[in-house]
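Chemist: Attaching a predicted model along with its sequence, questions to come.
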Amino acid sequence: GESVGLHLPTLSVQEGDNSIINCAYSNSASDYFIWYKQESGKGPQFIIDIRSNMDKRQGQRVTVLLNKTVKHLSLQIAATQPGDSAVYFCAEKGIQGAQKLVFGQGTRLTINP
Amino acid sequence: EPEVTQTPSHQVTQMGQEVILRCVPISNHLYFYWYRQILGQKVEFLVSFYNNEISEKSEIFDDQFSVERPDGSNFTLKIRSTKLEDSAMYFCARTSGFNEQFFGPGTRLTVL
C-alpha cells in the first residue's frame, strides 16, 4: 500500500549549520513530492516541491533532492535559523490522477542557539 | 497566494453531537481538501472536492462525514455524530489547478 516514511523522528542542529531531513517513499508510481513545515498549533506550510522528472530543485535556503532509484527524498536547509525549528513532513501524490497527498510521520527539527 | 481561512479555530463538543467545520477559500480555487491530524501524528487525507462533487475520499471518510459548498463560497465538513476518536486538528487545503496544496490554519476539534 501507499506509505511515506521518515528515517529520523528528531534532529537537532546548531544555528548556522546545514540540516538534512530524509524521507523514504514506497510508491514507485508517485510523480510529485512536497515538503511542508509545521509549527506548533499551525497548519502545514508549503516549503518546496519536486516532480518525478527532476532530481533536484532549489529554493531560498532549501534544496530538495529526489532519488527515484532508491525512492528517497531529502530536504536540505542551509544556514539554519531559530525560526526553522518545526516539524517537517514529506508528502507524495502517488496514484496517477489522484489528488490526495500521502504524508510521512514528520521529523522534528530543533535549532540550538 | 492568499491562504484559506477556517472557522472556528477551536470546537468543543459532546460525543454524539453534530459539528460543522468551515473553510473559506478564494473563489477561483478548483480543488478543495479536508485533512485531519490526530495529536502527535501525521496528516491524513479525508476527502477532495472538485466542481461541487467529491472526487476522492479515504477510508476514514465514512457515512458520518459529509462535505458541501452550500453557498458557492464556504466549504464545510460535517461530522454527524462525533466520537471521541474524532478529536483532531482538521485542515482545509486548496489548489488552483497545479499540484501545490496550501493549507489553512486548522480547526481543533475536541470531543468530550
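Modeler: In hand now; what should we look at?
Chemist: C-alpha from now on. contacts and neighbour counts both.
Modeler: OK.
Chemist: can you list contacts of stretch B:10-17?
Modeler: B:Val19, B:Arg80, B:Ser81, B:Thr82, B:Lys83, B:Leu84, B:Thr107, B:Arg108, B:Leu109, B:Thr110, B:Val111, B:Leu112 (Cα atoms under 8 Å, 6 or more residues apart in numbering or on different chains).
Chemist: Relative to B:Tyr90, how far out is the nearest residue to A:Cys90 once chain neighbours are set aside?
Modeler: Nearest non-adjacent residue to A:Cys90, counting by Cα to Cα, 6 or more residues apart in numbering or on different chains: A:Trp35, 4.6 Å away. Distance, A:Trp35 to B:Tyr90, by Cα to Cα, to the nearest Å: 19 Å.
Chemist: Of these two, which one has the most company?
Modeler: It is B:Tyr90, of A:Trp35 and B:Tyr90, that has more neighbours when counted by other Cα atoms under 10 Å in any protein chain shown, with 29 against 24.
Chemist: residues contacting that one?
Modeler: B:Trp34, B:Tyr35, B:Arg36, B:Gln37, B:Gly106, B:Thr107, B:Arg108, B:Leu109.
Chemist: Tell me how many other residues crowd residue 103.
Modeler: I went with chain A, as the question did not name one. Counted with other Cα under 10 Å, A:Phe103 comes out at 25.
Chemist: not what I meant, chain B
Modeler: 25.
Chemist: Name the secondary structure element that contains the residue nearest to A:Phe103 when sequence neighbours are not counted.
Modeler: Spatially, and ignoring its direct neighbours in sequence, A:Phe103 is nearest to A:Ala91 (4.2 Å; Cα to Cα, 6+ apart). Per DSSP states H and E, A:Ala91 falls inside strand A:86-93.
Chemist: What are the contacting residues of that strand?
Modeler: By Cα under 8 Å, 6+ apart, strand A:86-93 touches A:4, A:21, A:23, A:25, A:30-40, A:99-110.
Chemist: Can you tell me the strand partners of it and which way each runs?
Modeler: strand A:32-38 (antiparallel), strand A:102-103 (antiparallel), strand A:107-112 (antiparallel) (DSSP bridges).
Chemist: Go through those strands and name the closest to A:Leu11.
Modeler: strand A:107-112 (4.8 Å; Cα to Cα).
Chemist: List the buried residues for that closest one?
Modeler: Of the residues in strand A:107-112, A:Thr107, A:Arg108, A:Leu109, A:Thr110, A:Ile111 count as buried by neighbour count, 16 or more other Cα atoms under 10 Å in any protein chain shown.
Chemist: now the residues you listed as TSV including pLDDT?
Modeler: Formatted as TSV, the buried residues of strand A:107-112 follow (pLDDT from 0 to 100):
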residue	pLDDT
A:Thr107	93
A:Arg108	94
A:Leu109	96
A:Thr110	96
A:Ile111	96
